[in-house]
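Novice: mind folding the following:
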Amino acid sequence: MFEQEGQAPHTAAHGQIRLLFAYTQGMSRYDRPSHQVYMYFFKRGGWQVQFTEADLKTPLPRKLTCTDPEKIRELARRGEAWGTSEARQMLEHAIETGRGGIYLRLTPEQYAKLRRS
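Specialist: Numbering: from 1, shown residues only. Below is the predicted model:
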């Protein structure tokens with residue numbers, strides 16, 4: 001389940017993830033993934049998920065917490081991070097280890113949602 005940092009757990013966590021990384025069928029060139037961000041995560045009482053700009057220095061305000069690593073896989077899928085079997089294996093290894101990160105390609109809408117705190 002996801003919750004925003006500092007808030008009580010949200011019961012509609014799956015819906016929140018869909019809103020954060022929503023896909024649309026007929027994307028125009030302005031809706032295609034054009035923003036690259038880095039998602040990193042670690043397990044400490046639950047899965048803590050944070051985001052930075054692609055430079056790995058500039059943090060984005062949105063932080064998430066989840067109890068199920070499947071939510072991390074879902075974020076990776078929606079962020080188009082599963083382009084190769086090697087990328088999927090690296091993500092699985094990171095989850096098994098309890099920490100890791102992966103680059104995501106986001107649409108302008110997805111990126112705007114991450115920039116909101």
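
Novice: quick one, longest helix in this structure?
Specialist: helix 85-97 (DSSP state H).

Novice: which element is the residue nearest to the spatial centre of the chain on?
Specialist: The chain has residue 75 as the residue nearest its centroid, 4.0 Å off, counting by C-alpha atoms, centre = their mean. Here residue 75 sits within helix 69-78, counting by DSSP states H and E.

Novice: what residues sit buried inside that helix?
Specialist: 69, 71-76, 78 (16 or more other C-beta atoms under 10 Å). C-beta coordinates here come from the backbone N, C-alpha and C atoms, glycine included.

Novice: again with stretch 101-117
Specialist: Those would be 101-102, 104-107, 110-111, 114, for stretch 101-117 by 16+ other C-beta under 10 Å.

Novice: so which of the residues you listed are in strands?
Specialist: Residues from these lying in strands, with DSSP state E as the criterion: 101-102, 104-106.

Novice: what's the closest of those residues to residue 93?
Specialist: Nearest to residue 93 among those, counting by C-beta to C-beta, is residue 102 at 11.0 Å.

Novice: surely the closest one is in contact with residue 49?
Specialist: No - look at residue 102 against residue 49 with C-beta atoms under 8 Å: they stay out of range, at 10.9 Å.

Novice: can you list residues touching both of those two?
Specialist: Taking C-beta atoms under 8 Å, 6 or more residues apart in numbering as the contact rule, residue 102 and residue 49 both touch residue 39.

Novice: can you pull out the helices in this structure?
Specialist: Taking DSSP H as the criterion, the chain carries its helices at 13-20, 69-78, 85-97, 108-115.

Novice: that older thread, by how many degrees do the helix holding residue 75 and helix 108-115 diverge?
Specialist: 140 degrees (axes from the mean of the first three to the mean of the last three C-alpha atoms, to 10 degrees).
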